[in-house]
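Student: Here you go, sequence then predicted model.
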Amino acid sequence: GEDVEQSLFLSVREGDSSVINCTYTDSSSTYLYWYKQEPGAGLQLLTYIFSNMDMKQDQRLTVLLNKKDKHLSLRIADTQTGDSAIYFCAARYSSASKIIFGSGTRLSIRP
Amino acid sequence: EAQVTQNPRYLITVTGKKLTVTCSQNMNHEYMSWYRQDPGLGLRQIYYSMNVEVTDKGDVPEGYKVSRKEKRNFPLILESPSPNQTSLYFCASSPTGQGNTEAFFGQGTRLTVV
């Protein structure tokens, strides 16, 4: 079945790079997303990657996609305190009209 | 401003008292859906709608109803709420139900059923 998995917690030092990892099961996924949820707020789309791409970069964000291993990662360069949030990996499949979400990774920043 | 608006943002209710959470979008999107967010489980889809008068069950539809009488609105109805429906609810919309479109999310409704 369709599933998206990611680790629950990540702690990094301010100024370092954060790498949040995600795996998915269905190879027919078309779009893979990263959403950010700050405390008390809704979901903000950070970036997405189409399944025929390997990498996408947008300012401090880099998304890497390994289709063979069904592995997606989000790298945040020069992590700041404002990056503290829950990050959701999500996949949208051409065969289904829904977005499958991972459980979310809570990113905390150490001074 | 393009947005998805949910109301109310916070609601505390008692078991068995019918309630409706409203969702409205101003982007003329065809596709709308409801999710619930629970700790450690991410977001799970409750119901979705591909267009007016077209609705279908998601992964966790039990205890919920929806309607889509007009394009902009997609209310979520809990006929007889129970404590296990205490959760954070999100409404989302996108131009279509296909994978190449971005989903816009509302700010969420935190529901507590006592």
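Tutor: Yes, it's here.
Student: Give me the pLDDT value at the spatially most central residue of chain B.
Tutor: Of all residues in chain B, the one closest to the mean position by Cα atoms, centre = their mean is residue B:34, 2.8 Å from it. Note on residue B:34: pLDDT of 96.
Student: what does residue B:104 give?
Tutor: 87.
Student: now do residue A:1
Tutor: Residue A:1 is assigned 60 on the pLDDT scale.
Student: In contact with the residue nearest to the centre of chain B, which residues?
Tutor: B:23, B:45-48, B:58, B:64, B:66, B:74, B:76, B:89-92 (Cβ atoms under 8 Å, 6 or more residues apart in numbering or on different chains). Just so you know, the C-beta spots here come from the backbone N, C-alpha and C atoms, and that holds for glycine as well.
Student: Excluding residues flanking it in the chain, which one is nearest it?
Tutor: Leaving aside its sequence neighbours, residue B:34 sits nearest to residue B:46 (Cβ to Cβ, 6 or more residues apart in numbering or on different chains; 4.3 Å).
Student: Does the one you found belong to a helix, a strand or coil?
Tutor: strand (DSSP: H, G, I helix; E, B strand; the rest coil).
Student: what's it in contact with, if anything?
Tutor: B:33-36, B:58-61, B:64, B:66, B:76, B:89.
Student: hmm, 7 Å instead?
Tutor: Residue B:46 sits next to B:34-36, B:58, B:60-61, B:64 when contact means Cβ atoms under 7 Å, 6 or more residues apart in numbering or on different chains.
Student: Restricted to strands, list those residues.
Tutor: B:34-36 (DSSP state E).
Student: any bit of the worst-scoring helix or strand of chain B on mean pLDDT sitting next to chain A?
Tutor: Ranking every helix and strand in chain B by mean pLDDT, DSSP states H and E puts strand B:104-105 at the bottom, with a mean of 88. Yes: Strand B:104-105 is in contact with chain A by Cβ under 7 Å from any Cβ of the partner chain, via residue B:105.
Student: Adjacent strands (with direction) for that strand?
Tutor: If you go by DSSP bridges, strand B:104-105 pairs up with strand B:87-94 (antiparallel).
Student: which residues touch the helix or strand where residue B:12 lies?
Tutor: Using DSSP states H and E, residue B:12 maps to strand B:10-13. Around strand B:10-13, the neighbours that count as contacts under Cβ under 7 Å, 6+ apart are B:19, B:81, B:109-114.
Student: Report the buried members of the residues you listed.
Tutor: B:19, B:81, B:109, B:111, B:113 (16 or more other Cβ atoms under 10 Å in any protein chain shown).
Student: Can you pull the poorly scored residue ranges out of the chain?
Tutor: Using chain A. A:1-2, A:29, A:94-97 (pLDDT under 70).
Student: wait, I meant chain B there
Tutor: Across chain B, residues meeting the criterion (pLDDT under 70) sit at B:98-101.
Student: Kind regards, and thank you for your time.
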